[in-house]
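Novice: predicted coordinates and the sequence they were generated for:
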Amino acid sequence: DGGITQSPKYLFRKEGQNVTLSCEQNLNHDAMYWYRQDPGQGLRLIYYSQIVNDFQKGDIAEGYSVSREKKESFPLTVTSAQKNPTAFYLCASSESTGELFFGEGSRLTVL
Amino acid sequence: GIQVEQSPPDLILQEGANSTLRCNFSDSVNNLQWFHQNPWGQLINLFYIPSGTKQNGRLSATTVATERYSLLYISSSQTTDSGVYFCADPKMTTDSWGKLQFGAGTQVVVTP
């Protein structure tokens, strides 16, 4: 089935550790995105990539890093510099029309 | 900034009831989508509806872009319809690529 796969679904991290969230899509979409959702709130854009080997910062990029070496993959690293990393992270991709499709999400908890 | 108002904020329905959710935008609508966020957090695409009317089973949506609003209709509601319904308008312009104008959502609870 075509879709977006995120892993892991749940992740616990100690303070000071970097963690990487995986996002893979087989929809053949050029554009991919990472969003963060905090309880009771909407989504905020962390990073986006419109094409392989290129990515741009979103509204809340500080403390995060990404890479886009393959069209299908857009991993997100949450670094120790991110001051409040506990959140629900959603990866998405879009068609040329702008319609967004989301993965199931990864829930990160910092202990 | 652009405002997105969703109403009502909360909705409790008895199974089998019908309901209408509304989304108002303060700016032009270009890529309006409706999503259902289930209790596990997954955002499920319901409709991509920049304008016009679409139907999918018990759900239908109408967007009147010129008046900057969209409606989501749920008919014969089921307990699996529970969750939060969001409308969003992803911006795909050069200076705002990927940014989502998200409503605060409508929390729907369908009781047996």
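Specialist: Received the coordinates, thanks.
Novice: taking chain A, what residue is nearest to chain B?
Specialist: Chain B sits closest to A:G42 of chain A, with a gap of 3.3 Å, by Cβ to the nearest Cβ. Every C-beta, even on glycine, is put in place using the N, C-alpha and C of the backbone.
Novice: wouldn't that residue be in contact with B:F86 here?
Specialist: Yes: here A:G42 reaches B:F86: they are 7.1 Å apart, a contact under Cβ atoms under 8 Å.
Novice: those two: which has the busier surroundings?
Specialist: Just comparing A:G42 and B:F86: by other Cβ atoms under 10 Å in any protein chain shown the higher neighbour count belongs to B:F86, 24 against 16.
Novice: that one: which element?
Specialist: B:F86 is part of strand B:83-90, with elements assigned from DSSP states H and E.
Novice: if we can go back for a sec, for the residue of chain A closest to chain B, which non-adjacent residue is spatially closest?
Specialist: B:F102 (3.3 Å; Cβ to Cβ, 6 or more residues apart in numbering or on different chains).
Novice: can you pull the contacts of that neighbour?
Specialist: Residues in contact with B:F102 (Cβ atoms under 8 Å, 6 or more residues apart in numbering or on different chains) are A:G42, A:L43, B:V4, B:F86, B:C87, B:A88.
Novice: how about A:E69?
Specialist: A:E69 touches A:V52, A:N53, counting by Cβ under 8 Å, 6+ apart.
Novice: where does chain A have low pLDDT?
Specialist: Low-confidence segments of chain A (pLDDT under 70): A:1-2.
Novice: give me the phi and psi angles of the residue of chain A closest to chain B.
Specialist: With angles defined as degrees, to the nearest 10, A:G42 sits at phi -80, psi -170.
Novice: who touches it in this structure?
Specialist: B:F86, B:A88, B:L100, B:F102, B:G103, B:A104, B:G105.
Novice: please tell me how far the second one sits from B:I74.
Specialist: As judged by Cβ to Cβ, to the nearest Å, B:A88 and B:I74 stand 18 Å apart.
Novice: do stretch A:97-104 and chain B meet?
Specialist: Yes: counting by Cβ under 8 Å from any Cβ of the partner chain, chain B is contacted by stretch A:97-104 at A:T97, A:G98, A:E99, A:L100, A:F101, A:F102, A:E104.
Novice: taking the centroid of chain A, which residue is nearest it?
Specialist: A:W34 (3.2 Å; Cα atoms, centre = their mean).
Novice: how far away is it from A:R107?
Specialist: Distance from A:W34 to A:R107, by Cβ to Cβ: 14 Å.
Novice: so what's the residue lying closest to B:D10 once chain neighbours are set aside bridging to?
Specialist: Once flanking residues are discounted, B:D10 sits nearest to B:Q107: 4.9 Å by Cβ to Cβ, 6+ apart. Beta-bridge partners recorded for B:Q107 (DSSP bridges): B:D10, B:V84.
Novice: run through the residues that contact B:Q107.
Specialist: B:P9, B:D10, B:L11, B:G83, B:V84.
Novice: list only buried entries from these.
Specialist: Buried members of the contacts of B:Q107, counted by 16 or more other Cβ atoms under 10 Å in any protein chain shown: B:L11, B:G83, B:V84.
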